[in-house]
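> Fold the following and give me the result.
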Amino acid sequence: MVAAYRNFGFWRIEVETGHFFASEDIFAIFRMPFTAGPANLVEILSRIHPEDRILIAETFEQASLHKAGFHYAYRVENGLGGYKMVRSVGKFRDEEIVGITYEFVEQLRVVGFEDNGA
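Here you go, the predicted model:
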């Protein structure tokens, strides 16, 4: 299934520090040079459609607060003056949020949380 997507990569956020670490493919999706240390979140967010930035911040906040999994689709600059759709799927785990992000073709913005029975 993953092979059906053009680009996909893995990431994690340390909740306490806010540091964001990502695979080389995540940097490629956001059209940024790779760095092995914490990524520049300001630069990453600047490449996301302004209407979607708030949604992403709220999603991470809710995932941390409720220790829940989530998914969301959002728009990222494509380098051609428009946007491409990407989806991130993640889960709160041991004081960090881990996930995968991939590009896809559908034009639908979606957010969902798992029901952990709490």
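> which residues sit in contact with V89?
G69, F70, H71, G99, I100, T101 (CB atoms under 8 Å, 6 or more residues apart in numbering). In short, each C-beta sits where N, CA and C put it, glycine included.
> for stretch 43-52, the distance to its chain's centre please.
Mean C-alpha position of stretch 43-52 versus that of the full chain (CA atoms, centre = their mean, to the nearest Å) differs by 11 Å.
> and if you look at stretch 80-96?
With CA atoms, centre = their mean, you get 2 Å for stretch 80-96.
> follow-up on the earlier one: mind listing which of the contacts of V89 are in strands?
G69, F70, H71, G99, I100, T101 (DSSP state E).
> Provide a list of residues in contact with the second one.
Same thing as F70. T59, Q62, A63, V89, G90, K91, V111, G112, F113, E114.
> State the pLDDT value of it.
What the model reports for F70 is a pLDDT of 94.
> measure it to S88 for me?
8 Å (CB to CB, to the nearest Å).
> in this structure, which helix or strand is least confident?
Across the helices and strands of the chain, mean confidence by mean pLDDT, DSSP states H and E is lowest for strand 111-113: a mean of 69.
> on that earlier part again, who wins for most neighbours among the contacts of V89?
T101 (24 neighbours; other CB atoms under 10 Å).
> and it, what are its bridge partners?
G9, S88 (DSSP bridges).
> Looks like it contacts W11 (just checking).
Yes - between T101 and W11 there is a contact under CB atoms under 8 Å: 6.4 Å.
> Residues that sit against both of these two, list them.
Counting by CB under 8 Å, 6+ apart, the residues touching both T101 and W11 are I26, S88.
> Which positions in stretch 18-38 come out as buried?
F20, F21, A22, S23, D25, I26, F27, A28, I29, F30 (16 or more other CB atoms under 10 Å).
> rewinding a little: let's see the PyMOL selection covering just the buried ones among the contacts of F70.
Entered in PyMOL, the line below selects the buried ones among those, by 16+ other CB under 10 Å:
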select buried, resi 59+63+90+91
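> Name the nearest of the contacts of F70 relative to E77.
Comparing these against E77 with CB to CB places T59 closest, at 19.4 Å.
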